[in-house]
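In: okay, here's the prediction I keep looking at, along with the sequence it came from:
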Amino acid sequence: MSEVVDDPAVTAVRRTPMTMVRGVVRTARPRQWLKNVLVFAAPFTAQKITDRHVLGAAGIAFVVFCLAASAVYFVNDAIDVAADRAHPTKRNRPIAAGIVPVPLAYVMGAVLGLGALGLSFAANWQLAVVIGVYEAVQLGYCLGLKHEPVIDLCIVASGFLLRSIAGGVAANIALSQWFLLTTAFGSLFMVSGKRYAEIRLYETTGAEIRSSLRKYSSSYLRFVWATSVAVVIATYGQWAFQLHEQFQSVWSEISIVPFVVALLRYAVDVDGGKAGEPEEIVLHDRVLQILGVAWVVCLALAFYR
């Protein structure tokens, strides 16, 4: 049977258990879980990636962030349902399209969020603190901070930084300050690039955009991502040289080459306003994938040769 969705302005859709399950899975955004591999950075750089206990702790952090991030997506899409319905692409999201009811989205958000917090204690209480901070900050973002310029960029970027910290905390491994700075500004580069793509879409199509973007200009966002990528290159270079002194391996310095080339490759999409979905670029750009593999191989040789 056809069922009218929550908003009468939206065309009635056919809801079945199967379509709702598919809608729930889509709203959870499993492709976005790729970001969570950052939790393995600490074990990898500490030469403990093969340690069963360390890997298990990092694995818990990975699962916890998958649950927490998906919880945020459910809550955010439920709150933004009206705005998403006015957007040329976001209107196809399951909640905006009426496939997943708004009340169900809130329930899923609560269940996943509490599940992530509870599971984090399986590693240690420090991971629970990191996840608690992540969820609190992201909830604040959903409830209104996303409308504040600059603050919205910093909050989204902080999610990547907290993932890196979580991997170290879960496995009781300290991370280099240079690596943390690289992660922080790399995150800001990706986030400002995504916002730049959104504002370019608004300028070319007149599509509805988030309110915070109305307070930005494309030139300002271009300045932010260009500055961020410059800082990323500088801090990564410092980290690579630090690794050379620590492990006496030239491979850490060689890793600068694929790292910088990959950044410049990604910047082509950012400059063209095509970085609205970073994970799509990574999953479909073969050259970028090859550069990423080369970078990981260089680091592996530096740590494990």
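Out: Perfect, thanks for sending it.
In: just the pLDDT at Tyr106, thanks.
Out: We have a pLDDT of 94 for Tyr106.
In: let me fix that: Asp6
Out: 51.
In: swap in Leu67?
Out: With respect to pLDDT, Leu67 scores 96.
In: what about it, which SS state?
Out: The three-state assignment at Leu67 reads helix, by DSSP: H, G, I helix; E, B strand; the rest coil.
In: OK, contacts around it?
Out: Leu67 is in contact with 112-113, 115-116, 119, counting by CB atoms under 8 Å, 6 or more residues apart in numbering. C-beta here means a position set from N, CA and C on the backbone, and glycine is covered the same way.
In: which of those fall within strands?
Out: If you go by DSSP state E, these have nothing in strands.
In: show me where the stretch 51-200 of the chain dips below the pLDDT cut-off.
Out: For the stretch 51-200 of the chain, applying pLDDT under 70 flags no range at all.
In: do you know how far the most centrally placed residue in the chain is from Val191?
Out: Compute the mean C-alpha point of the chain, and by CA atoms, centre = their mean the closest residue is Lys35, 5.0 Å away. In this view, Lys35 and Val191 are 12 Å apart by CB to CB, to the nearest Å.
In: quick check, nearest of the contacts of Leu67 to Val75?
Out: Val75 lies nearest to Gly113 out of the contacts of Leu67, by CB to CB, at 7.9 Å.
In: ranges for the helices of the protein?
Out: With DSSP state H as the criterion, the chain has helices at 17-28, 41-45, 52-79, 81-85, 102-120, 125-143, 151-170, 177-205, 218-247, 251-254, 256-271, 278-284, 286-304.
In: possible to save those as a markdown table with distance to Ile95?
Out: Converted to a markdown table, the helices of the chain look like this (distance: least, CB to CB, whole Å):
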| stretch | distance to Ile95 |
| --- | --- |
| helix 17-28 | 6 |
| helix 41-45 | 32 |
| helix 52-79 | 4 |
| helix 81-85 | 5 |
| helix 102-120 | 5 |
| helix 125-143 | 13 |
| helix 151-170 | 20 |
| helix 177-205 | 19 |
| helix 218-247 | 27 |
| helix 251-254 | 45 |
| helix 256-271 | 27 |
| helix 278-284 | 19 |
| helix 286-304 | 31 |
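In: nearest to Pro94, out of these?
Out: So among the helices of the chain, helix 17-28 is nearest, using CB to CB, at 3.3 Å.
In: Val107: how many residues sit nearby?
Out: Neighbour count for Val107, taken as other CB atoms under 10 Å: 13.
In: coming back round to it: quick check: which of the helices of the chain is nearest to Ala96?
Out: That would be helix 81-85 among these, by CB to CB, at 3.8 Å.
In: can I get stretch 63-83 in PDB, CA atoms only?
Out: This file holds the C-alpha atoms of stretch 63-83, laid out as PDB (Å, rounded to 0.1, in the frame of the first residue of the first chain):
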ATOM      1  CA  VAL A  63      33.600   0.000  14.800                       C
ATOM      2  CA  VAL A  64      32.700   2.500  17.400                       C
ATOM      3  CA  PHE A  65      33.300   5.400  15.000                       C
ATOM      4  CA  CYS A  66      31.300   3.700  12.300                       C
ATOM      5  CA  LEU A  67      28.300   3.500  14.800                       C
ATOM      6  CA  ALA A  68      28.800   7.100  16.100                       C
ATOM      7  CA  ALA A  69      29.200   8.600  12.600                       C
ATOM      8  CA  SER A  70      26.100   6.900  11.300                       C
ATOM      9  CA  ALA A  71      24.200   8.000  14.400                       C
ATOM     10  CA  VAL A  72      25.100  11.600  13.500                       C
ATOM     11  CA  TYR A  73      23.900  11.100   9.900                       C
ATOM     12  CA  PHE A  74      20.500   9.900  11.100                       C
ATOM     13  CA  VAL A  75      20.000  12.900  13.400                       C
ATOM     14  CA  ASN A  76      21.400  15.400  11.000                       C
ATOM     15  CA  ASP A  77      19.200  14.200   8.100                       C
ATOM     16  CA  ALA A  78      16.200  14.200  10.300                       C
ATOM     17  CA  ILE A  79      16.800  17.800  11.400                       C
ATOM     18  CA  ASP A  80      17.600  18.900   7.900                       C
ATOM     19  CA  VAL A  81      14.700  17.100   6.200                       C
ATOM     20  CA  ALA A  82      13.000  20.300   5.000                       C
ATOM     21  CA  ALA A  83      16.200  21.900   3.600                       C
END
